[in-house]
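[1] Quick one, what's the 3D model for this:
(one chain, ligands or ions: 2)
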Amino acid sequence: MAETIDVASPAGETLRVIRIDRTAAVLAADGDTDGFLVPLRGAELAVGDWVQLDAEQSMRRLERTSSVVRAKEGGAAQVLAANVDVAFLVVSLEEAHRPGVLERLASLGWESGAVPHYVVTKCDLGSAEERAAVGSLIETTAPGIPTSFVSAWTDEGRTELLALLPAGRTGVLLGHSGVGKSTLLNWLGGTDVAAVGEVRERDSKGRHTTTVRSLRMLPDAGGSIVDTPGLREIGMGSPSAVQSVFAEVTALADACRFADCAHVRDAGCAVTAALAAGELDASRYRRYLSTLAEARRNEGTVGRGTQQRRDKGREYSRLAREFRRVRGH
Ligand SMILES: Nc1nc2c(ncn2[C@@H]2O[C@H](COP(=O)(O)OP(=O)(O)OP(=O)(O)O)[C@@H](O)[C@H]2O)c(=O)[nH]1
Ligand SMILES: [Zn+2]
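    Ligands and ions are numbered 1, 2, ... in the order given. Below is the predicted model:
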């Protein structure tokens, strides 16, 4: 990647991509909120990337320490954010009752290379019981990932989140459209939430969403945070990330003494035994099979796929179907 830029900046200076859209990026010195605009002209940059300018004013992207990737069907994977330390998995209190959403976000979080942390938003809308239910669901669904309950309306949880982003650290907000990511960004950044006017565009399905990705400094914390556009379909990372989310299921499947076992009804199968004993939740096992199948198929669409991987995807789909048929889930 070599890109000529028309702004005088000292050669060798390391700059960060703090804003990006389809055609241009804004670069700024570390900790700076003012930067300059660079046309992308095909350069593959993501928010959070570090770039270095040489004497000829062409730029070189430094190696990424982490990246949040979205698999695009039929195309190359898209990097949503680079060099992030904490991946905030944002769910609204309402949405947090759905284990499938929690699992997908967890997988995307582990896949990024950043440390995942759930943020349950809009807690002003729910009761203490509802919150406790979500807390225990998260503990069983994604053990080991910490959770913060927040509300931008009542100011709950702000200090807790800011403590995770001291100077030199960057967070990223991952979550479905409408869970309150833009609101969080402004709330953490100290902007009056009521005064927020985001740039919004229509997406291919006519819905409004945030399309510009940006990195914002957090004056009250020292670090920074990246907003990603509304993710209507949250990807789920690679099969290995899915397997870390479903670690206990993976361990059971590995412990099964039959090679090529469908883990559906065979006597002596470790998975069947755990299901029968009530140690493994049938719907969790079904989600494990279908999520893994989807991750294998995606691996095929982002260009890294081999026939073998696609076959593996089909095999998991078949197992998921068979499991539903036999168990009625
Ligand atoms: N009750 C309540 N509503 C909130 C809170 N935070 C955000 N909302 C509302 O939730 C809606 C969505 O908020 P946004 O911040 O635009 O959500 P988003 O995740 O950025 O959505 P996209 O830009 O489409 O990705 C808005 O109507 C907000 O006013 C909160 O803490 N409590
Ligand atoms: Zn088995």
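
[2] since we're on the spatially closest residue to residue 118 that is not a sequence neighbour, how many residues are nearby?
    Using C-beta to C-beta, 6 or more residues apart in numbering and skipping the chain neighbours, the partner closest in space to residue 118 is residue 147 (4.2 Å). Bear in mind the C-beta positions are built from the backbone N, C-alpha and C, glycine included. Other residues within reach of residue 147 by the criterion other C-beta atoms under 10 Å amount to 19.

[3] For residue 147, give me its contacts.
    By C-beta atoms under 8 Å, 6 or more residues apart in numbering, residue 147 lies in contact with 117-120, 134-135, 138.

[4] For this structure, which element, helix or strand, carries the lowest mean pLDDT?
    strand 200-202 (a mean of 45; mean pLDDT, DSSP states H and E).

[5] Residue 130 contacts residue 122, correct?
    No - counting by C-beta atoms under 8 Å, residue 130 stays clear of residue 122, with 10.9 Å between them.

[6] any common contacting residues for these two?
    Shared contacts of residue 130 and residue 122, counting by C-beta under 8 Å, 6+ apart, come down to residue 93.

[7] neighbour count winner among these two?
    Neighbour count, other C-beta under 10 Å: between residue 130 and residue 122, residue 122 has more, with 20 against 16.

[8] and the more buried one, what does it touch?
    Applying C-beta under 8 Å, 6+ apart, one finds that residue 122 lies in contact with 92-94, 151, 153, 179-180.

[9] Just name the closest of those residues to ligand 2, please.
    If you rank the contacts of residue 122 by distance to ligand 2 using C-beta to the ion, residue 94 comes first, at 36.5 Å.

[10] got the residues of this protein near ligand 2?
    256, 261, 263, 269, 271 (C-beta under 5 Å from the ion).

[11] these two touch, right, the first one and residue 273?
    It refers to residue 256. No - Residue 256 sits out of contact with residue 273 when judged by C-beta under 8 Å, with a separation of 9.2 Å.

[12] hey, where'd the helices end up in the chain?
    99-112, 128-141, 158-162, 181-189, 239-245, 247-255, 270-276, 282-301, 307-327 (DSSP state H).

[13] So which other helices or strands are in contact with the second one?
    For helix 128-141, the elements it packs on are helix 99-112, strand 115-121, strand 147-149, judged by 3 or more C-beta pairs under 8 Å, 6 or more residues apart in numbering; DSSP states H and E.

[14] Could I get these in JSON lines, plus columns for distance to residue 164?
    Converted to JSON lines, those look like this (distance: least, C-beta to C-beta, whole Å):
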{"stretch": "helix 99-112", "distance to residue 164": "14"}
{"stretch": "strand 115-121", "distance to residue 164": "7"}
{"stretch": "strand 147-149", "distance to residue 164": "9"}
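
[15] Those: lowest mean pLDDT?
    Among the helices and strands packed on helix 128-141, helix 99-112 has the lowest mean pLDDT, at a mean of 91.

[16] Put the alpha carbons of that one into PDB.
    Output in PDB follows, covering the C-alpha atoms of helix 99-112 (Å, rounded to 0.1, in the frame of the first residue of the first chain):
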ATOM      1  CA  PRO A  99     -28.400 -16.800  24.800                       C
ATOM      2  CA  GLY A 100     -27.800 -16.900  21.000                       C
ATOM      3  CA  VAL A 101     -27.000 -13.200  20.900                       C
ATOM      4  CA  LEU A 102     -24.600 -13.500  23.900                       C
ATOM      5  CA  GLU A 103     -22.800 -16.500  22.400                       C
ATOM      6  CA  ARG A 104     -22.300 -14.800  19.000                       C
ATOM      7  CA  LEU A 105     -21.000 -11.600  20.600                       C
ATOM      8  CA  ALA A 106     -18.600 -13.700  22.800                       C
ATOM      9  CA  SER A 107     -17.300 -15.500  19.800                       C
ATOM     10  CA  LEU A 108     -16.700 -12.200  17.900                       C
ATOM     11  CA  GLY A 109     -15.000 -10.800  21.000                       C
ATOM     12  CA  TRP A 110     -12.600 -13.800  21.500                       C
ATOM     13  CA  GLU A 111     -11.900 -13.700  17.700                       C
ATOM     14  CA  SER A 112     -10.800 -10.100  17.800                       C
END
